[in-house]
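Trainee: show me how the following folds:
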Amino acid sequence: MSLHAQPVAVNVSELDLRRNGDMVELNVGLQFELPGPVLDALHKGLPVIFVAEVEIVRERWYWLDKRVASAQRQMRLVYQPLTRRWRLSIGSGPGRPGEAGAALGQTFDSLDEALALIRRFVGWRVAEFAALEAGSTHRLDFRFRLDTAQLPRPLQIGTLGESDWVLAASASRRLQPESLK
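Mentor: Numbers count the residues shown, from 1 in each chain. Here you go, the predicted model:
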C-alpha cells in the first residue's frame, strides 16, 4: 500500500429516474474496479460493505430545501473460502421511522458476477410519486461509497489515510415530477 496512491475512480455512467405506477424507481450504472488492498481483504474472507444512498429534495428559494424522500441500500460482499463462492447480501435501510428494512442474499461463482450486481441498480424504488409536488423543481442526490466504518477495528485503523480504500461517487440531477415517464 502506498500513501501516494490515487483514490479509486468511480464513475456514474447512468442515472435514470422513472415513474412506475405510484412509485418512483431509479436505475443506476456504476463503473469501477476494486483496488488491490480491498481485493486482498476480500480473498482473506473479510466482508466489505458498499452503501448507496438516494435523497430527493424539493428546492425552495425562500427557505432550506425540503427532503421529500430518501432510500439506502447496503451491499455486503464476502468470499467464502471453504466453498470458493462469493456471497452478496443486499439490504435496504429503513425508509420511514418504524419501518424495517429488507435483505436478500445470493451466492456467485465469481467475483465479477457479484460485482455486476453492485455496479448496476435496476428498478430501485426510492420514493412514492405522491411525495413529489407538481410544478416544483426537485433534486435527486445519489451517493455510493465503500463503508470502511464497518470493517474490523484493526483494519479501520490501518485504512486511515489510505486512498486505496476511498471508493466513492456522487451525482445529482434536477427533475420535474411531470417529466417522469
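
Trainee: how near is the spatially most central residue of the chain to E113?
Mentor: Per CA atoms, centre = their mean, the C-alpha nearest to the average position across the chain is that of A52, at 1.7 Å. From A52 over to E113 the distance is 19 Å, taken as CB to CB, to the nearest Å. Heads up, the C-betas are built off the backbone N, CA and C, glycines and all.

Trainee: which residues does the residue nearest to the centre of the chain contact?
Mentor: 28, 72-73, 75, 121, 142-144 (CB atoms under 8 Å, 6 or more residues apart in numbering).

Trainee: how about T107: what's its closest non-neighbour residue?
Mentor: Nearest residue to T107 in three dimensions, chain neighbours excluded: R85, at 4.8 Å (CB to CB, 6 or more residues apart in numbering).

Trainee: adjacent strands (with direction) for the longest strand seen in the chain?
Mentor: In the chain, assigned by DSSP state E, the strand with the most residues is strand 66-80. Here strand 66-80 is paired, per DSSP bridges, with strand 48-58 (antiparallel), strand 85-92 (antiparallel).

Trainee: could I get the buried residue list for the helix or strand that the shortest one is followed by?
Mentor: The one in question is strand 85-92. Using DSSP states H and E, the helix or strand that follows strand 85-92 in sequence is strand 103-108. Buried positions in strand 103-108, judged by neighbour count with 16 or more other CB atoms under 10 Å: F108.

Trainee: kindly report the same for stretch 34-51.
Mentor: 34-35, 37-38, 41-42, 48-51.

Trainee: a markdown table for the residues you listed, including distance to D65?
Mentor: Output for the buried residues of stretch 34-51, formatted as a markdown table (distance: CB to CB, whole Å):
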| residue | distance to D65 |
| --- | --- |
| L34 | 34 |
| P35 | 34 |
| P37 | 37 |
| V38 | 34 |
| A41 | 38 |
| L42 | 38 |
| V48 | 33 |
| I49 | 29 |
| F50 | 26 |
| V51 | 22 |
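
Trainee: what's the most distant pair in these?
Mentor: Taking CB to CB as the measure, the buried residues of stretch 34-51 span a maximum distance of 18.6 Å, between P37 and V51.

Trainee: who does R18 bridge with?
Mentor: Bridge pairing for R18 (DSSP bridges) gives the partners E25.
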